[in-house]
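**Q** based on what follows, work out the 3D shape:
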Amino acid sequence: MNYPIVFYPKVVIQFCHQYPLPEATSNCATSSQLQETQQFEQPVVLLTPPQPPVVLPVKLLWLIWVFWLYGAIALPLLAISWGWLWWEMLLVVAAYSCLIAAAYSYVFGCRQKLLSRYKQQILEYNQQNILSHQDLSSNKQQEFSSFKVEKEGLQTGLKSAKLELDSRNRSLKDLMSLRVSSTGISQARQGVSEERFLQYLQQYFEEVVQAAEFKIPSSQRSYSADFTVIHTPSGLGIDVEIDEPYAGKSKKPTHCCDADSDMRRNQLFLEWNWIVVRFTEKQVVQAPLSCCKFLAIAIAFVTGDRSYLKQLETEPDLLSVKPWTTTEARAMAKSNYRLTYLSGFGVGSACDRLSSQP
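**A** Coordinates of the predicted model:
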């Protein structure tokens, strides 16, 4: 099991199985969907209006009769000059008049047909536009009604989920009343990285205590928790530990995976109904916000409260670190491994801080 390591008490695991989180709380987008204003404006499909036909203006039609009048005068004069008889002249004028009348009737008829067809197209165009707008208006009303029903359903679901979550947290708080509380503040020396990490924890979580002391049953000794983080609404408690590979002054290996001291301590805190989260010192120094995000995920996993996680969701996930054995810890102590990430960590010289630790 690589760092970060998290252990959940048996009672918490059973509680989560018995009271699973409401579905609405597992969907982060649900509440944001209700805050967005959805627009139901569909693009209006406009039909292409018919183009007016190319027809002769009325003034040009009257020019045909003017042309006929000039012809009716000119033809008799020519006929007289050519010596035609009066009936021959009359026949020519009558034929000319019939030709002009036929031409006028044809042009006028074509013009009227084109105009009549254009009027019919305009009428159909207007009717289709009216029907199109009516359909769009009907669809818009239907979509609005559908969204309204969906929104009301989401709101009802969220309210129901919130009530269920509140009831669930009350039950969890009753269960957490059995969690063993600390007996005070320990006087044990604090690790090099803990002072800075406390500032990050206090920035994102409400109830944070450093060096809380817990009395070991049937013993004169006590355990000192590096930090305890309490989720106030549910009473859920997390014991946060920062593991370094060796002691600063004595170079003695610590928190080794092939030793059982941490396992006994973890088991006791689990029996006391505390969640146990263990980070490496290097993780806390180099990625404190990612460590806070991991704690927020652990809280959300049990309680469904994502308020802490929302503040840290843009932070990268914490990279895993392989635990070390006693042999590896001795090698790290020999090479002063901790100074590789503590040398520029904070106030004072890291070397002096390490040498002051037991």
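**Q** gap between Arg111 and Tyr70?
**A** Going from Arg111 to Tyr70 by CB to CB, to the nearest Å gives 23 Å. Where you see a C-beta, it was placed from the backbone N, CA and C, and this is true even at glycine.
**Q** ugh, wrong one, Ser81
**A** Remark: distance between Ser81 and Tyr70 (CB to CB) = 16 Å.
**Q** same deal with Leu114?
**A** 28 Å.
**Q** neighbour count winner among these two?
**A** The neighbour comparison of Leu114 against Tyr70 (other CB atoms under 10 Å) goes to Leu114, with 15 against 10.
**Q** so which strand or helix has that one?
**A** Using DSSP states H and E, Leu114 sits within helix 86-176.
**Q** what number of residues are in the vicinity of the closest residue to Leu172 other than its chain neighbours?
**A** Nearest in space to Leu172, with sequence neighbours left out and distances taken as CB to CB, 6 or more residues apart in numbering, is Ser234 at 4.4 Å. Per other CB under 10 Å, the neighbour tally for Ser234 reads 22.
**Q** mind listing the strands for the chain?
**A** Counting by DSSP state E, the chain has strands at residues 5-7, 184-185, 207-215, 222-231, 236-243, 275-280.
**Q** how about these in JSON lines, adding mean pLDDT?
**A** JSON lines is the format used below for the strands of the chain (pLDDT from 0 to 100):
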{"stretch": "strand 5-7", "mean pLDDT": "96"}
{"stretch": "strand 184-185", "mean pLDDT": "93"}
{"stretch": "strand 207-215", "mean pLDDT": "96"}
{"stretch": "strand 222-231", "mean pLDDT": "96"}
{"stretch": "strand 236-243", "mean pLDDT": "97"}
{"stretch": "strand 275-280", "mean pLDDT": "97"}
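**Q** for Tyr341, find the nearest of the ones you listed.
**A** strand 275-280 (9.8 Å; CB to CB).
**Q** list of residues touching the closest one?
**A** Defining contact as CB atoms under 8 Å, 6 or more residues apart in numbering, one finds that strand 275-280 is touched by 3-9, 12, 236-244, 255, 262, 266, 269-270, 291, 294-295, 298, 302, 318, 321.
**Q** now it against strand 236-243, angle please.
**A** 20 degrees (axes from the mean of the first three to the mean of the last three CA atoms, to 10 degrees).
**Q** now do strand 275-280: distance to the chain's middle.
**A** With CA atoms, centre = their mean, to the nearest Å as the basis, strand 275-280 stands 30 Å off its chain's centre.
**Q** tell me the strands beside that strand, with direction?
**A** Here strand 275-280 is paired, per DSSP bridges, with strand 5-7 (antiparallel), strand 236-243 (parallel).
**Q** and these, which is most packed in?
**A** Comparing these by mean neighbour count (mean count of other CB atoms under 10 Å), strand 236-243 ranks first with a mean of 23.
**Q** what sits against Val11?
**A** Here Val11 is in contact with Leu175, Leu178, Asn273 (CB under 8 Å, 6+ apart).
**Q** how about Trp65?
**A** By CB under 8 Å, 6+ apart, the contact list for Trp65 reads Ile100, Tyr104.
**Q** pLDDT at it, what is it?
**A** pLDDT recorded at Trp65 is 73.
**Q** what is the burial count for the nearest residue to Arg330 once chain neighbours are set aside?
**A** In space, and not counting its chain neighbours, Arg330 is closest to Pro253: 5.8 Å by CB to CB, 6+ apart. Pro253 is flanked by 22 other residues according to other CB under 10 Å.
**Q** Pro253 reaches Pro245, doesn't it?
**A** Yes: at 6.7 Å, Pro253 and Pro245 qualify as touching, with contact defined as CB atoms under 8 Å.
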